[in-house]
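Novice: Pasted the sequence and its predicted model underneath.
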Amino acid sequence: MGQIKLEQRVRYPPFEPGRFEPSELPIATQTTTVLRDVSPKKIVEAMETVTPSFCLGNEKSWLIEQRYIYQGEVFDDANIKRPTSFVELGKIPRIVKLHRQGWYLTPNPIHRAVRRFMSFSVMVLLLGLAYLSIEPLLDAMGIPGVGTGTVRIGLLDYPALTLIIVPLLLAPLLFRAGANFFDLVNQRAFLRSAPDDPVIILSETPMAGKPLSVQIEFPERRENWSNIEVMWRVGVLPPAREDVFQTLGRSHQSQPPPGLTTALPHHWEVGLDDGTGGGEESPMEHHEVKGGLFLRPMRVMEFGGRVPWSSAQLVLEAPQQPWPGTVSTPLIRIHWELLIRIERPKGGSLMFVKPIAVAHPTIPVHIESLPTNDGRTESDQL
């Protein structure tokens, strides 16, 4: 007799994953017993009653894996023929309740433009400092300097290059502040007259790897609504920070493991996510809306089909890569959602998001490389 244990292994991409080397970060591993007193002759029959294993990513990159351990060894369930699919109807994570259901607005496009401009400004600053450092050498060689004269501002003299570099550094801050102001005005206007939620009817239980059939009706349609597009996507939400610490054998007061930042109490809540966003995930949000009015992109996600809205039955193609169904554990959160995007001439696009409980396929799935994003709201490509 032996035990069947469920092992979850996670190396989740931190905020701005492009700045990290995945293979150098630790893998958080959590093991729980799912079945007891299983004989070797009954192992196949027992495995037919549990969800298939899955592996998203690989050992040298980002990794989201769920597998089974029997008598101390990894059990390969690829040949298990499960009679039916499985839908995990566990408790909905708080991150979904707060951040991924209901109406959402689109951040001002200035945020994205300013972020790109900031990189240019910093590059100009570094080039200016490098030039000023070698200017005495150029002067000794008889090469005349450019912009090295002084400009008096008040009682102090500054290099002439200051008149070019300082405005380049201050302009992004001013534009970002202006964009946040317009975002707050837009949020207040929306809260004063929020539309009714659309009625969404699923013809059958969605299943990973198969198209989604859905019918959508709007109790009201505003005059300023133009094109309406319906889409769905799947992704992996951040694991709970406290569970990552626990699986890595660290206390909350100790130094965070590589890839995680120091907890910021004003931007992070217990059980919500891994806390690495540090307040940069979303532009300034209205304080009256718990969870905010801006939809945070999943750092690991893939879109399925998208079609123009009509009152008839809509069919959305499944994502190209094989994905598992919905998983809602503190360490692994596979999340599926339906999105309705409404274009408006003013105020940006309006979105409605509905979480979907998707059934697992009957066989294990594997994705070699996970598609990642930096996690910023303004970078979400819809």
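Specialist: Noted; the coordinates are in hand. Numbers count the residues shown, from 1 in each chain.

Novice: low-scoring stretches of the stretch 1-150 of the chain, by residue?
Specialist: Scanning the stretch 1-150 of the chain for pLDDT under 70 picks out 90, 145-148.

Novice: go on, the stretch 201-350 of the chain?
Specialist: Within the stretch 201-350 of the chain, the stretches with pLDDT under 70 are 263-272, 275, 277-280, 287-288.

Novice: give the contact list for residue 330.
Specialist: Neighbouring residues of residue 330 by CB atoms under 8 Å, 6 or more residues apart in numbering: 239, 240, 242, 243, 271. C-beta here means a position set from N, CA and C on the backbone, and glycine is covered the same way.

Novice: I'd like the residues you listed laid out as a markdown table, including secondary structure, neighbour count and distance to residue 136.
Specialist: Formatted as a markdown table, the contacts of residue 330 follow (DSSP: H, G, I helix; E, B strand; the rest coil; neighbours: other CB atoms under 10 Å; distance: CB to CB, whole Å):
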| residue | secondary structure | neighbour count | distance to residue 136 |
| --- | --- | --- | --- |
| 239 | coil | 24 | 53 |
| 240 | coil | 22 | 55 |
| 242 | helix | 15 | 55 |
| 243 | helix | 19 | 56 |
| 271 | coil | 12 | 57 |
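
Novice: With distance to residue 44 as added columns, please give the residues you listed in CSV.
Specialist: Below are those laid out as CSV (distance: CB to CB, whole Å):
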residue, distance to residue 44
239, 31
240, 33
242, 36
243, 31
271, 37
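
Novice: Name the SS class of the closest residue to residue 284 other than its chain neighbours, please.
Specialist: Ranked by CB to CB, 6 or more residues apart in numbering and with sequence neighbours excluded, the top spatial neighbour of residue 284 is residue 180, at 4.1 Å. Secondary structure for residue 180, judged by DSSP: H, G, I helix; E, B strand; the rest coil, is helix.

Novice: list the contacts for the most centrally placed residue in the chain?
Specialist: Ranked by distance to the mean C-alpha position of the chain (CA atoms, centre = their mean), the top residue is residue 298 at 1.9 Å. Residues near residue 298 by CB under 8 Å, 6+ apart: 233, 235, 236, 237, 335, 373.

Novice: ok so, going back, near the residue nearest to residue 284, how many other residues are there?
Specialist: Residue neighbour count, defined by other CB atoms under 10 Å, stands at 17 for residue 180.

Novice: backbone phi and psi for the closest residue to residue 153 other than its chain neighbours, please?
Specialist: Nearest residue to residue 153, sequence neighbours excluded (CB to CB, 6+ apart): residue 162, at 8.0 Å. Main-chain torsions, residue 162, degrees, to the nearest 10: phi -60, psi -30.

Novice: any idea how far residue 129 is from residue 162?
Specialist: Distance, residue 162 to residue 129, using CB to CB, to the nearest Å: 11 Å.

Novice: neighbour count winner among the two?
Specialist: Per other CB under 10 Å, whichever of residue 162 and residue 129 has more neighbours is residue 162, with 15 against 11.

Novice: follow-up on the earlier one: with distance to residue 197, neighbour count and secondary structure added, can I get the contacts of residue 298 in a markdown table?
Specialist: As requested, the contacts of residue 298 are exported to a markdown table (distance: CB to CB, whole Å; neighbours: other CB atoms under 10 Å; DSSP: H, G, I helix; E, B strand; the rest coil):
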| residue | distance to residue 197 | neighbour count | secondary structure |
| --- | --- | --- | --- |
| 233 | 19 | 21 | strand |
| 235 | 22 | 22 | strand |
| 236 | 26 | 25 | strand |
| 237 | 22 | 25 | strand |
| 335 | 19 | 23 | strand |
| 373 | 27 | 18 | coil |
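
Novice: Now tabulate those in a markdown table and tack on distance to residue 187.
Specialist: Putting the contacts of residue 298 into a markdown table (distance: CB to CB, whole Å) gives the following:
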| residue | distance to residue 187 |
| --- | --- |
| 233 | 24 |
| 235 | 25 |
| 236 | 28 |
| 237 | 24 |
| 335 | 24 |
| 373 | 23 |
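
Novice: ranges for the helices of the chain?
Specialist: Using DSSP state H, the helices found in the chain span residues 43-47, 94-99, 110-140, 162-192, 241-247.

Novice: Flag every buried residue along the third one.
Specialist: Of the residues in helix 110-140, those buried by neighbour count under the rule 16 or more other CB atoms under 10 Å are 110, 111, 112, 114, 115, 117, 118, 121, 125, 128, 131, 135.

Novice: That one - contacts with which helices or strands?
Specialist: Secondary-structure packing of helix 110-140 (3 or more CB pairs under 8 Å, 6 or more residues apart in numbering; DSSP states H and E): helix 162-192.

Novice: Next, the angle from the helix it packs on to helix 110-140.
Specialist: 170 degrees (axes from the mean of the first three to the mean of the last three CA atoms, to 10 degrees).

Novice: in helix 162-192, what counts as buried?
Specialist: For helix 162-192, a neighbour-count test (16+ other CB under 10 Å) marks 165, 168, 172, 175, 176, 179, 180, 183, 186, 187, 190 as buried.

Novice: Stretch 23-35 too?
Specialist: 25, 26, 28, 30, 35.

Novice: Closest one to residue 258 out of these, please.
Specialist: Among the buried residues of stretch 23-35, residue 25 lies closest to residue 258 (CB to CB), at 5.2 Å.

Novice: Now the closest one: closest residue in space that isn't a chain neighbour?
Specialist: Spatial nearest neighbour of residue 25, excluding adjacent residues (CB to CB, 6+ apart): residue 259 at 4.5 Å.

Novice: go on, residue 54?
Specialist: Once flanking residues are discounted, residue 54 sits nearest to residue 324: 4.3 Å by CB to CB, 6+ apart.

Novice: contacting residues for the one you found?
Specialist: Contacts of residue 324 by CB under 8 Å, 6+ apart are 51, 52, 54, 56, 66, 208, 334, 360, 361, 365.

Novice: and the first one, how far is that from residue 72?
Specialist: Per CB to CB, residue 51 is found 21 Å from residue 72.
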